[in-house]
Structures are given as C-alpha cells and as structure tokens.
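can't give you the sequence, but here's the structure:
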DNA sequence: ACTATTGTTATAGTGAACTATAACAATATT
DNA sequence: AATATTGTTATAGTTCACTATAACAATAGT
C-alpha cells in the first residue's frame, strides 16, 4: 500500500492495524514488529491470551520473509511478551510486571522526560507530541 | 555516555546538541547525521554560513568512522543543504532545507513508537502516557 | 490414522552499513 | 616555501538484515 511516497505494508486484525512496516525508515523490519506488538499491547489492542498472526501469514501480509517474522517473534518471546506454541500459534503472554505505584509513577516520568527531550531536539512541541499520541488512540478505537 | 541503557554519543556546539547518534535505534549513522543537521537548521541552531564540525572531528566525537561522516555530509551537499570547501571546511548553505511534512511525520512517529514500546515494557497503557503528558502541559502553562 | 496448520531449524546468498587504512588534493597558516 | 588542516578518493574486510528455499516437529482438525 502506498501513502504519499511512504510505503506501508500493514496487517489489520478486525479494524485495527496490528503491525505496519515502513521500509524507508531505516529501522530493521524485525525491530518494527517488536515495537509495534508492544505498542499494540500498550494501546490495549492486544490483551493477554490474544492470538497473533501466524508467522507465515504475517510474512505474506507484510511482504517480508518468513525468517524475519520469526526473528521478531523470537525476541518478543525471549522478553516474555509473547508465548509460542509449536503447532498451535503465538499468543500474548499473561505477564504483567508488578511495580508499586510510586515506582511506577517515577518510571513513567522518566520515560516521558526522555521522550520530550528527544522530541524537542527535533523541534517538536509538547502539543505536537500530544496530538500525535491522541491520533494513535483514535485509530485503535 | 550512558542514560538508562540508551547509549548516546553526541556533539555539542556551545550549549546546543548538534548531532547525536543513537547506536541502538537501528537507523544508519549517516542518516542520523543528515536528519539532525537538517533539524538543527530548521530549529535555528545552525544558520547559513555557520561552520560544521570537520569530518575528522565529528568522526572522533561520535566515535564513528571518517567515511561514515563523509557519507552524511556528501548527501547533505547533494541536497544543497551544506557547502563543502576542500581545505577550508564545511558550511551551512543559504538554502533552507526542506523538511517536508512527511519526513517530520515519520520522525515523530518513530519517536512515539519507541516511547510506547518502552512504556509497554513497563506495563503502561497509552492512556496512562497520555494522562502523564497532559499533566505536564498543565504545569507548563 | 491422516492431513493441514503451526512454529522451528538450517543453509546459502545478496546488499547495505560500517570500519580500518592509506594516499591524494585544495586551502589556510606560519 | 613549508607545514598543517581540510575535504576527497580508494581499497579491502566485517557484520548485520534480509531473502530464498527446504526440511523438520508439534499440535489441531477431520
């Protein structure tokens, strides 16, 4: 699929874009898969127990090689994000890290600070960041 | 330099971060140089006639190879963003670099995707991230 | 039981990015 | 004029991401 010179292959599950690959971004495909699966979980589009696309199906849909998908899935499994069952499929894991509220808050603040620092390096304003995030929320609903 | 497992080599000119390389992002070094020089100009941190770091100096400061710097500079010159003078140096050209909306969009998307992937690692949802950011906006106004 | 579907493993090849190193060419400095 | 500094060019080798292809292994469905 082609949007204004940005080539994006994607896979929709229902109405939701699960994984999309930007072949011009310079970011390795398998990494894009990893990030976007995590992102989908953060968004709530994927919940524990949900089934992911089969490795072959995703390879076809994204027009990439089977091994590249496997590589992404494997790293996700190593990180404990997903669980694979040979013969049956790949599923979102049940793992949820336990952190107390204070530590959680601190962690979130740190992540946000780094984000804003980077965004500002590139000349983005807080409003633009907020808007970009809001759009992602809309897409998923 | 090391911030929470994110390795960032950077070069400051004055107080401003001119070019920083994230070796874990997967984005080729020479591309990061190109992008960041363009954004520095767009931001106003670099103005027409300003001198850029020498190829050798930048290579040393970023701990990358001379040829990689040259590759980035060369593309910037081809695009007309900078002008090189053998023997004297590399300078910002008079022409303003076009950072089209697509490129900006891509950059923001990349930053947001990374953020959300990390947030997901710590069990944060998109909503929590949005809420955290909104609070920062209130504070700043 | 058989078959289809799922994930797994293995091998081999290609191209891009990066590195190391050396020599060359133009300009600035002394 | 001589030297240092700047960008340029060239060669060669390494690593990584990706592809193509094939066979294997476990599970689900019939």
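Thanks, I have it. This one's a predicted model, so the numbers in the text were calculated from it and none came from an experiment.

Now the phi/psi pair for residue A:44, please.
Geometry field for residue A:44 lists phi and psi as phi 100, psi 0, criterion degrees, to the nearest 10.

An error on my part: the question was meant for residue A:94.
Geometry field for residue A:94 lists phi and psi as phi -90, psi -10, criterion degrees, to the nearest 10.

so after the biggest helix by length in chain A, what's the next helix or strand?
Of all the segments assigned as helix in chain A under DSSP state H, the longest by residue count is helix A:101-121. Read in the C-terminal direction, the helix or strand following helix A:101-121 is helix A:126-140, with elements assigned using DSSP states H and E.

Output the contacting helices and strands for that next one.
Other elements packing on helix A:126-140 under the criterion 3 or more Cβ pairs under 8 Å, 6 or more residues apart in numbering or on different chains; DSSP states H and E are strand A:16-22, helix A:29-43, helix A:101-121, helix B:101-121, helix B:126-140. Placement of C-beta: from N, CA and C, glycine included.

what do you get if the cut-off is 7 Å, keeping everything else the same?
With contacts defined as 3 or more Cβ pairs under 7 Å, 6 or more residues apart in numbering or on different chains; DSSP states H and E, the packing partners of helix A:126-140 are helix A:101-121, helix B:101-121, helix B:126-140.

I'd like those laid out as a markdown table, including distance to DNA strand C, mean pLDDT and mean neighbour count.
Putting the helices and strands packed on helix A:126-140 into a markdown table (distance: least, Cβ to the nearest atom of the strand, whole Å; pLDDT from 0 to 100; neighbours: other Cβ atoms under 10 Å in any protein chain shown) gives the following:
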| stretch | distance to DNA strand C | mean pLDDT | mean neighbour count |
| --- | --- | --- | --- |
| helix A:101-121 | 18 | 87 | 15 |
| helix B:101-121 | 15 | 87 | 19 |
| helix B:126-140 | 25 | 88 | 14 |
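
Quick check: the gap between residue A:44 and chain B.
6 Å (Cβ to the nearest Cβ, to the nearest Å).

Before I go, just wanted to say thanks for your time.
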